[in-house]
Each structure stands twice: as C-alpha cells, then as structure tokens.
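>>> Make a model of this:
(chains A, B, C and D)
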There are 2 protein chains.
Amino acid sequence: MVRRVRGSTTGRPIMVLLDLLGRRWTLRIVWELRDEPRRFRELQDLIGASPTIVNTRLAELRAAKLVELDETAGYRLTALGNELLRLFLPLHVWSEKWAKATA
Amino acid sequence: MVRRVRGSTTGRPIMVLLDLLGRRWTLRIVWELRDEPRRFRELQDLIGASPTIVNTRLAELRAAKLVELDETAGYRLTALGNELLRLFLPLHVWSEKWAKATA
DNA sequence: TGGGTTTGCTACATATTCCGTAGCAACGAG
DNA sequence: CTCGTTGCTACGGAATATGTAGCAAACCCA
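Predicted coordinates for the structure are as follows:
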C-alpha cells in the first residue's frame, strides 16, 4: 500500500490539511465533537455513516492529533482539534446566509 | 439520478455546507481560486485531478454559487465564494503550527 | 482559407473507495 | 453466566475517482 499525500507532492501543510479535511465525513466528525465527547456508535448514528468509514476517519484524525479517545468519556477533540474547530465555527452563521442566497 | 443531500436528512445549511466541502478536491479548488481566476486545464494541473472530477466539482460549486465561469478570465470565486474563502484563510497560518505539532 | 492552439467538457474502462450488514473480542454490571 | 456496551473488523456489492483519449467551438495568425 502506497502511503503518499493525496493530491499534493509538495507536502505543504496547508495542502496536507486540505487533503485531510476534504474527505468524506471528516469535517462532519469534527463538527459533531464540537460540544461534548461522543462514543463510537453515538458518532456513527449522528452522522449516519458506516462503522468502516467512521473508524477510518477517526484513525486519520487521531493520527493528525486532532481527535483523541478518552476511554471513559469517548472521542473528543484535542487542544489542536479545538483550535481548528474554532476556525470553523463562523461557518455555522455564514451557512445560514449562504442557504438564503442559493435558495 | 437521485438528488438527495448526502449524509443529512435534515437539510440544515451547515450540514449541507459540510457535505459539499467534505468532498474530494472541493476545498482544494476553492483554495486554488483564492488569488486569481484559473482556466479549466490550469486548475486541473494545479491540483492534479482528472478532468472528470474537476468538472463535477466545478459544477457543484457553481450550483452552490460559490464559483462562476467568466468566459474571458476563467473560473473564479463569486462574492459568496470569497466570503467563504475568507473564513478559511486563517487555516493557512494555523496549518503551519499544526504541522510542527504533529511532526 | 486554412491550419494550429486553447477553450470547456465528455466517454470509457479500470482502480479505488464507500456502504450496509453482520459479527468479533473485551469489559462491566447484575 | 448472561446481558449490554465498548471499539472495531470482514465481506460483498454499489458508488466514486482515476487516467487516457478525444470532441466541438472559438480564437489567432498567416
């Protein structure tokens, strides 16, 4: 199995990040962890994806140190993950405006 | 062809947006249009994806009114697209920090 | 007029990824 | 010893992405 950074040969951090976030369910998982920790199945039900892909994305997010597994509480954002989430929070408000504009 | 919102039955704007952005190459395309308009092939070369998927994503972005095609200049962000991009710009700086933390 | 180039985009076969279902082993509670 | 919950995996079929080739229209320059 060839482990290369998809879509970028340079390995520039922004490209690696965009590649990571630009995968099915990744953004959504980070989003669902914004308030409280979630268990594996709980997360699965929330987003409605198969356990296979949930597990894959969680593994990637953990490798990227954005998510961690607390045995007693469940999956949660790391300090880094929280920083990233904060950058995305304005999206929530903006998406409402966007929805009206595209309607 | 069934046209449903993938991964969300509610249709909440934030979910629709996360779904749109959480597709291969979508974020990357928006990113590559941040400074100047790009032609179809130029975009294709920049990100290194097949024309099929570039065209598909461009169609989705155009339907979402985030990208438009100016016949003389090429593909570029709409006003909405620019707003969205501005929300993402801090990612560039943050990604550098993140890269160091995960190294 | 007649190339040659660039434009956006599509066809098609292959390769990869994703999905839905089922189920595993480990652990704790009763 | 059973029951529920935990994270996670196997497997076959469906959907998506890739890579190559090429189309028609518009343009440039002679």
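
>>> per-residue confidence at the one residue in chain A that gets nearest to DNA strand D?
For chain A and DNA strand D, the shortest gap (Cβ to the nearest atom of the strand) falls at residue A:40, measuring 3.0 Å. Where C-beta positions appear, they are placed from N, C-alpha and C, glycine not excepted. Looking at residue A:40, its pLDDT reads 96.

>>> Is it in contact with residue A:59, as I believe?
No. Residue A:40 is beyond contact range of residue A:59, at 11.7 Å (criterion: Cβ atoms under 8 Å).

>>> between those two, which one's more packed in?
Neighbours per residue, other Cβ atoms under 10 Å in any protein chain shown: of residue A:40 and residue A:59, the larger number sits with residue A:40, 14 against 11.

>>> picking that back up, ok, the residue of chain A closest to DNA strand D to chain B distance?
Residue A:40 is 17 Å from chain B, where distance means Cβ to the nearest Cβ, to the nearest Å.

>>> can you check residue A:38 too?
Separation of residue A:38 from chain B (Cβ to the nearest Cβ) stands at 16 Å.

>>> Same question for residue A:34.
As defined by Cβ to the nearest Cβ, residue A:34 lies at a distance of 11 Å from chain B.

>>> what are the phi and psi values for that residue?
Phi and psi for residue A:34, reported as degrees, to the nearest 10, are phi -60, psi -40.

>>> From residue B:18, how far out is it?
Plainly put, residue A:34 is 12 Å away from residue B:18 if you go by Cβ to Cβ, to the nearest Å.

>>> Surely residue A:69 and residue A:59 touch.
No. Using Cβ under 8 Å, residue A:69 is not in contact with residue A:59; the gap is 10.3 Å.

>>> sorry, back to before: what sits against the residue of chain A closest to DNA strand D?
Contacts for residue A:40 (Cβ atoms under 8 Å, 6 or more residues apart in numbering or on different chains) come out as A:51, A:54, A:55, A:58, A:74, A:75.

>>> With residue A:65 instead?
Residue A:65 sits next to A:78, A:80, A:81, B:101, B:102 when contact means Cβ under 8 Å, 6+ apart.

>>> what helix or strand is the third one on?
Going back to what we said before, that points to residue A:81. Residue A:81 belongs to helix A:79-88 when elements are defined using DSSP states H and E.

>>> now the angle from that helix to helix B:79-88?
Here the directions of helix A:79-88 and helix B:79-88 differ by 150 degrees (axes from the mean of the first three to the mean of the last three Cα atoms, to 10 degrees).

>>> where does residue A:78 fall, phi/psi-wise?
Torsion angles, degrees, to the nearest 10, at residue A:78: phi -80, psi -180.

>>> ok, and the closest non-adjacent residue to it?
Of all residues beyond its chain neighbours, the one nearest residue A:78 is residue A:68 (5.1 Å), with distances taken as Cβ to Cβ, 6 or more residues apart in numbering or on different chains.

>>> From chain B, how far out is the one you found?
Separation of residue A:68 from chain B (Cβ to the nearest Cβ) stands at 13 Å.

>>> Residue A:59 too?
Distance, residue A:59 to chain B, by Cβ to the nearest Cβ: 14 Å.

>>> Relative to residue A:53, how far out is that residue?
According to Cβ to Cβ, residue A:59 and residue A:53 sit 11 Å apart.
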